[in-house]
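1. This is the structure alone, sequence omitted:
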DNA sequence: ACCCTCTATGTGATTGTATAACATTACGAG
DNA sequence: CTCGTAATGTTATACAATCACATAGAGGGT
């Protein structure tokens, strides 16, 4: 169990604890495994093919629990013996995003594993500008004043991007 | 229109009417001039310097009334005799965004002139996926359920990106 | 088994987006 | 005028995304 071992230095570069999701501690080891299992189950149910490349990308994003750029992902794929050209990563990401396993963070041009896959949801994100941690939450922008404005002018909303930038509780504490 | 001043390259003429802002008709000629005048006034009031490059970029974005990529802007600057390297465009855009004259549309990696400069506001956008038209509206995501979720976990929101993708009234009519 | 088709992968090349680093110029305050 | 700062110019490069085309596999139907 990693989740009460804050001093773990196995991850060199980011001063970021993968056991912190949604800015809260959890059993990281377990969550990766169960998420992968769930994904596999859902794919076989719906006739989707969670191929090795796609599975590897999803695993990586679950493992890191933060937003990764496409080229970081590509580097990792290369090291694992997969194709090394950008389309390899982008195609896997396209599949995962289309089927709700992964979200794209537009603000960062990066990708993050979905926190509650399966459930139909329009996600919203909180992005810490200090440590780059990303937490997923729910949003319903079409329900509020913005949705009313859209209806008023006759704009038909299909999808919304909601991303808040700020300081996460962890970085607030440190300051 | 600017796209007629450009060299006869392969840029497709947008099937988009600049007199349609916020998906509604308006006096385009007039709005560009007054917006530029207002910007100049505000700059001299606040000690900001609306230099030739910055002014040109703002004028271009007002003229087009749609989201333009940084390199389209850069091309135009080059033709007007300004520097031709990316930082020239990006620095001007940084200035305009920082001071609220222009917004960045994260979803498109593009920039659009602000519809109500001066007023403090957290903008929200509607982006038509057919014609790429962009309309600006107001949002207050921190007021709703999302804001509550942020407060609950101790995340301090500084800025939010709200962008809705869908079909604008004009394109709905045509279909 | 076979062929067929559709999906997925692999690869090279290219285009678009953005920033780092450093030199130079313009401007204002003292 | 001189100095410090802001703005511009330029080279180079990193990162993001797509195009085009070739190859490999998985499944279905005969």
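-> Structure's in. What do you need? Values in this document were obtained by computation on a predicted structure and should not be read as measured data. Numbering: from 1, shown residues only, chains lettered A, B, ... in the order given.
2. which non-adjacent residue is nearest the spatially most central residue of chain A?
-> For chain A, the residue sitting closest to the mean C-alpha position, by C-alpha atoms, centre = their mean, is residue A:112 at 1.9 Å. Closest residue to residue A:112 apart from its sequence neighbours, by C-beta to C-beta, 6 or more residues apart in numbering or on different chains: residue A:67 at 4.5 Å. Yep, even glycine has a C-beta here, placed from its N, CA and C like the rest.
3. can you give me how far the longest helix along chain A is from the chain middle?
-> Criterion DSSP state H: the longest helix present in chain A is helix A:28-46. Distance, stretch centre to chain centre, for helix A:28-46: 14 Å (C-alpha atoms, centre = their mean, to the nearest Å).
4. try stretch A:108-117
-> 2 Å.
5. Please apply the same query to stretch A:97-107.
-> For stretch A:97-107, the distance to the chain centre is 7 Å (C-alpha atoms, centre = their mean).
6. check which helix or strand covers residue A:82.
-> Assigned by DSSP states H and E, residue A:82 belongs to no helix or strand.
7. Any idea how many residues pack against it?
-> 17 (other C-beta atoms under 10 Å in any protein chain shown).
8. now the strands for chain A?
-> Counting by DSSP state E, chain A has strands at residues A:20-21, A:24-25, A:102-105, A:110-113, A:123-128, A:134-138, A:156-167.
9. Output these as JSON lines; include the columns distance to DNA strand C and mean pLDDT.
-> Listed next are these as JSON lines, based on distance: least, C-beta to the nearest atom of the strand, whole Å; pLDDT from 0 to 100:
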{"stretch": "strand A:20-21", "distance to DNA strand C": "26", "mean pLDDT": "62"}
{"stretch": "strand A:24-25", "distance to DNA strand C": "30", "mean pLDDT": "81"}
{"stretch": "strand A:102-105", "distance to DNA strand C": "13", "mean pLDDT": "98"}
{"stretch": "strand A:110-113", "distance to DNA strand C": "12", "mean pLDDT": "98"}
{"stretch": "strand A:123-128", "distance to DNA strand C": "14", "mean pLDDT": "96"}
{"stretch": "strand A:134-138", "distance to DNA strand C": "18", "mean pLDDT": "93"}
{"stretch": "strand A:156-167", "distance to DNA strand C": "13", "mean pLDDT": "96"}
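10. Let's have those strands in JSON lines, adding distance to residue A:87.
-> What follows is those, written out as JSON lines (distance: least, C-beta to C-beta, whole Å):
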{"stretch": "strand A:20-21", "distance to residue A:87": "30"}
{"stretch": "strand A:24-25", "distance to residue A:87": "36"}
{"stretch": "strand A:102-105", "distance to residue A:87": "16"}
{"stretch": "strand A:110-113", "distance to residue A:87": "15"}
{"stretch": "strand A:123-128", "distance to residue A:87": "26"}
{"stretch": "strand A:134-138", "distance to residue A:87": "25"}
{"stretch": "strand A:156-167", "distance to residue A:87": "24"}
